[in-house]
Every structure is written in C-alpha cells, then in structure tokens.
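quick one, what's the 3D model for this:
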Amino acid sequence: MKTIIETKNSPLPIGPYNQAVLANGTLYMSGQIAMHPESGELIMDSIESETEQVMKNMEGVLLKAGMTLDDVVKCSIFITDMDNFARVNEVYGKFFTSDFPARETVEVSRLPKDVNVEISATAVKNIAADEVKG
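Numbers count the residues shown, from 1 in each chain. Below is the predicted model of the structure:
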C-alpha cells in the first residue's frame, strides 16, 4: 500500500510524479530544487541560498509525512559543478548535525529548470535504539 504525499510547503511537481510516496513506513522523496513553494520563483542568488531552499523544501515534505530530517536515512545530491561541493556541504551540514544519513553527491551536466543543486531523500520513522535487535 502506498500513500501519496503532497504539500503546499514544498513546490508542487512540474511533471508526472509526486513530491513523495510513503510505502510500508518508508518515505521516498522526489528530488527537490530551490523553487519557493508560494511564489514559484527559483532561489538562485548563490549556491548557499539555493541549497538552503532545497533543504527547506525537503523539510516541508517530511513535515507533511509526519517526519523530520532526523528520519532521513539516505540522500542523493546532484550538482552541476563539483567545485560547489564544499559550499553545498556546508549548508547541508547545518540541517543534518548528527546521525547523518547515507548519501552520495554526483556531478551532472544539467538539472531541471537549470538549477545548480537537487536533493532527493529516503526517510524511515526512527525507532528507539533499544528496539533494534541484532
């Protein structure tokens, strides 16, 4: 069984996909770009402001699913210039401060709407450490 997650706290899809899908307790979030959810404008003043908006959009989707960034287990970061890696990483690190998710960062030739960064995520509602067996 799957539940479609849709919120106005993150930009609505620009194609035939959903912001996220919750299936069997796991949230699969589509790639988020730096589009402001209310105005629809791209936030591209700097790679830092762009990355910050992406992270805020991720938080909006997670909130709708009843989750937080603490529930994220995996991120995929796509950037158009690997020279921006440290700057993206600095902003990303302000949102994830401990128990970091697994992730990869990949340089790509182009992203939707010619943005510089896109991040997708997988999240699972955290369980207490004492509930983990084995």
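
and the closest residue in space to Asn84 that isn't next to it in sequence, how far from Ala86?
The shortest distance from Asn84 to any residue that is not its chain neighbour, by Cβ to Cβ, 6 or more residues apart in numbering, is 4.7 Å, and that residue is Ile47. C-betas here are computed from N, CA, C, even on glycine. From Ile47 over to Ala86 the distance is 10 Å, taken as Cβ to Cβ, to the nearest Å.

the two: which is more packed in?
It is Ile47, of Ile47 and Ala86, that has more neighbours when counted by other Cβ atoms under 10 Å, with 22 against 9.

can you give me the helices for the chain?
Along the chain, counting by DSSP state H, helices occupy 47-64, 85-95.

out of those, the one nearest Met1 is which?
Across those, Met1 has its closest neighbour in helix 47-64 (17.6 Å, Cβ to Cβ).

so for that closest one, mean pLDDT?
Looking at helix 47-64 alone, the average pLDDT works out to 98.

for it, enumerate the helices and strands it packs against.
Counting contacts by 3 or more Cβ pairs under 8 Å, 6 or more residues apart in numbering; DSSP states H and E, helix 47-64 packs against strand 26-32, helix 85-95, strand 117-124.

got the angle between that helix and helix 85-95?
Calculated by axes from the mean of the first three to the mean of the last three Cα atoms, to 10 degrees, helix 47-64 forms an angle of 40 degrees with helix 85-95.

output the below-cut-off pLDDT ranges for the chain.
Applying pLDDT under 70 to the chain flags the ranges 126-134.
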